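Peer 1: What shape does this take:
(chains A and B)
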Amino acid sequence: MLIKKLFVAGAMAGLMGTTAYAADCGPSDQSIRILASDFPAIHAVAGTAEGNCAEAASEFSRNHTTEARQIMNAALTPDPAEYTSVIVANSTLTQLMNDGLVRPLNDLIESHGQNIPDNLKIAIDGNVMAIAFMANAQHLFSRSDILAQVGIDSAPSTYDEVIEAAKAIRDAGIMEYPIVMNLKTGWNVGESFNLVFLAHGGEFFKPGTAEPTVNSEAGIAALETLKAMVEYAHPDHLTQASNETQGLWEAGEAALGIMWGSRGAPILDDEGSSAEVTSNTVLSAAPSVEPGGIPGATLWWDGFTISTNVSDAEAEATFAALASALTPEMVAANNDDAVWLLEGFTPGPAAAGVAATVQGGAQPYPMLPQIGLLHAALGSELSDFLKGDESAEKALADVEAAYRTAAKEAGFLQ
Amino acid sequence: MKHRTFFWFILPTLSAMILFIALPIVSVFIQSLFVQHEQVLVVSESCGPFGCKESTSVDLEATQKLRDEAPLGKFNGLGTYTNRSHLAFAEIGEAWANTETMGEFWRELGDLPFYNALTFTLAYTFIVTPMVLILGMAVAVGVNTLPRKLKGAAIFVSLLPFLVTPLVGSLILFWMVDGDGVIGATIQNIFNDPNLSLKASTGLMWFMLMVYGVWHTLPFSFITFYAGLQTVPADTMEAAQIDGASKWQRLVYVVVPHLMPLVTFVTLMLIMDNLRVFEPIVSFSAEAHARSLSWIIFNDLRESGNPLYGSAGATSLITIFLVVILMMPVLVRTWRDFTRKSH
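Peer 2: Residues are numbered from 1 along each chain as shown, chains lettered A, B, ... in the order given. Predicted structure coming up:
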């Protein structure tokens, strides 16, 4: 059911499509300045907004940079802010909200976003802080031809099955290191822990507080699972992030991968790889601990926000322009660039993994103000465990100690 | 020079130094004494494409009120300096009490982020600095004895590593030592071990970072010594030759003492440079095996999306303090030379 809700994002959205020719751009002669990450789906949305409303605006500028997360708080703090909108994801929205840099969108939705379905509204206590338009999650990639060679005819669905399959592939002498995962020290290794931790039913914090609870049974179990998988990953795994794992996959050097859904389309396209790899790559749900359990993934959305420190007219024009881009035509023209949450999306093979992961009941990446600090602590302290220098308990105790030190400095713990 | 003239003469330099060096350091120091105010958390319900969930968020009004009352934050004294991320006095005390052998104690100490980074930073400084000094001198002497025609080309080639941006140079080397890269594949071939990886072991990663460090800074010491070699007096060399000194003896007893002021200068520069080793760690993705003091500062400011200015400031000041300690012997020597000459 959830999947249906996700992809058929409200029949009302169709109305927006029919009015696209005379896009509602809000007040004219305003300055619209957008800060966003740099990947095709974001270009599609911001580009369509520019196409619709650049003429009505006095200025329309877009800054697409991979460093968006690093500069956004500083750029939005002055009044007037450097950008009228930032396109964010789960984790980056909290980073802006912590400093009160984005405004509630409720009145703007009333005037220019009547057609936006409720499930796209990111609401905190009823205040809509962002409008989501696409989803992403990590999930399993597998090579059906290689699995068939060792007598496995469907994609593994649990961690144990993944590890068994990897062992079979190694024992058959096909590949020494069949598994790829994003384990680069820092954000990536922290995120890989999060996936397995959530699959084991872990909770990051004591509810309602900033007290960490990763040094728990779920945490230790998650590290043990991770370690068992890493056994079958390339020895350089602590230096590998998305670009490297995608490279290994496209080179045909891996048979089982936990990678981002957004890598699905680039892997399945006819560039950078051989037909043997692309035609046999299957995208399926992230593995769970028990059959039918919670998939080991974090669900992400990308969406747009409006700055607090800009004039109301600029805010209105920016909102109207971006809302005007969320049409079925835009989705149709860029169908394979993302797993769109908008109407008009036809899930292709590249979206199958994310869809199955959402359907399996995976957890969203937590929208907590202090999660960034814990994630950073996980990222810097877990490599000792994966290198084999430390026990799981010691590594998690180190994570909590590092987090506590940082959280005290940031004011989350006293 | 009259005091008055001297004052006007030095004023532009002095004011620039105060403005761009002294004041920022003072500002960093003041910031390092404060931590952020309490973030008032409230339980809220957050909804999105994946359903609704109970979560927490920051109570902006309450937090803003605290911030307005004291914009610098909450005074923490030297608390940041002694916490687990820095000098970790409490953790060291605990480790000392709870460990039986020295080895165990050192392991505990090496697990603390600051001491871990300090170990690598000092090892890097004390291995790379002498290597660069000795090899730089050797290359300079070698190039100096080349026939005139070859000199220009040799100097140009020797300077090349210095012209490459550190981030780019180390990234290129990183790709070359990959299992699929030229150097990595060759090494695998030589040792006949297809799984040998330079990036997977701490020892080899340190080795690689240091090799890179020597490669990158060698031209600096080379060109300085080469310039110095042009000033070695021919008379003295000839006299030594007549006295029957061998080539080696002439190098050690005539050339090197003549170049000693330059050696001091190069040593100072290298210590300062090497102590802030940073780019190769990022380019080599070496964070799992080697972290430096500069890397910790970078990580504090960048990784969590919530910059820890106090923590970064404390590490910066400790680094400055370390630079001063390490350079002390060289500075004292220079001072002695200076006072001796002026009498």
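Peer 1: can you pull the contacts of A:His136?
Peer 2: In this structure residue A:136 is Asn, not His. Taking C-beta atoms under 8 Å, 6 or more residues apart in numbering or on different chains as the contact definition, A:Asn136 lies against A:89, A:260-262, A:299-302, A:338-339, A:354. Any C-beta I mention is one placed from the backbone N, CA and C, and that applies to glycine too.
Peer 1: Next up, phi/psi of it, please.
Peer 2: With angles defined as degrees, to the nearest 10, A:Asn136 sits at phi -150, psi 150.
Peer 1: So what pairs up with it in the strands?
Peer 2: In this structure, A:Asn136 bridges to A:Trp300 when assessed by DSSP bridges.
Peer 1: now it: how far from chain B?
Peer 2: 11 Å (C-beta to the nearest C-beta, to the nearest Å).
Peer 1: Around chain B, pick out the residues from the stretch 51-200 of chain A.
Peer 2: A:69-70, A:73, A:90-92, A:94-95, A:97-98, A:100, A:119-125, A:132, A:135, A:176, A:184-187 (C-beta under 8 Å from any C-beta of the partner chain).
Peer 1: State the number of residues packed around B:Phe156.
Peer 2: Each residue near B:Phe156 was counted by other C-beta atoms under 10 Å in any protein chain shown, and the total is 10.
Peer 1: now A:Leu226
Peer 2: Taking other C-beta under 10 Å as the neighbour definition, A:Leu226 ends up with a count of 25.
Peer 1: if we can go back for a sec, mark which of the residues of the stretch 51-200 of chain A next to chain B are part of helices, please.
Peer 2: With helices defined by DSSP state H, the entries of these inside them are A:69-70, A:73, A:90-92, A:94-95, A:97-98, A:187.
Peer 1: Just the buried ones from the residues you listed?
Peer 2: With neighbours counted using 16 or more other C-beta atoms under 10 Å in any protein chain shown, these contain these buried positions: A:69, A:73, A:90-92, A:94-95, A:97-98, A:187.
Peer 1: These: which two are farthest apart?
Peer 2: Checking these against each other with C-beta to C-beta, the farthest-apart pair comes out as A:Met97 and A:Trp187, at 19.7 Å.
Peer 1: Which stretches in the stretch 1-150 of chain A count as strands?
Peer 2: Counting by DSSP state E, counting those that start in this stretch, the segments of the stretch 1-150 of chain A that form strands are A:31-36, A:59-64, A:85-89, A:121-124, A:127-136, A:138-143.
Peer 1: what packs against the last one?
Peer 2: In terms of contacts (3 or more C-beta pairs under 8 Å, 6 or more residues apart in numbering or on different chains; DSSP states H and E), strand A:138-143 is packed against strand A:256-260, strand A:281-284, helix A:352-359.
Peer 1: and the longest one with strand A:138-143, angle?
Peer 2: Spelled out, it's helix A:352-359. Going by axes from the mean of the first three to the mean of the last three C-alpha atoms, to 10 degrees, helix A:352-359 is angled at 140 degrees with respect to strand A:138-143.
Peer 1: In the chain, which helix is the longest?
Peer 2: Unless you meant another one, I'm taking chain A. From DSSP H, the single longest helix across chain A is helix A:392-410.
Peer 1: let's do chain B instead
Peer 2: For chain B, the helix reaching the highest residue count under DSSP H is reported as helix B:309-342.
Peer 1: Return the set of buried residues in the helix or strand encompassing B:Asn189.
Peer 2: Under the assignment given by DSSP states H and E, the secondary-structure element containing B:Asn189 is helix B:182-191. Along helix B:182-191, these residues count as buried under the neighbour rule (16+ other C-beta under 10 Å): B:184, B:187-188.
Peer 1: Domains in chain B, by residue range?
Peer 2: Per automatic domain parsing, the domain ranges recorded for chain B read B:63-111, B:115-342.
Peer 1: ok, residue 84 - how many residues close by?
Peer 2: Because you didn't say which chain, this covers chain A. When neighbours are counted by other C-beta under 10 Å, A:Thr84 comes out with 29.
Peer 1: nope, chain B
Peer 2: Here the number of neighbours of B:Arg84 (other C-beta under 10 Å) works out to 20.
Peer 1: Report the spatially nearest residue to it, omitting neighbours in sequence.
Peer 2: A:Thr405 (4.6 Å; C-beta to C-beta, 6 or more residues apart in numbering or on different chains).
Peer 1: and that neighbour, what does it touch?
Peer 2: B:83-85.
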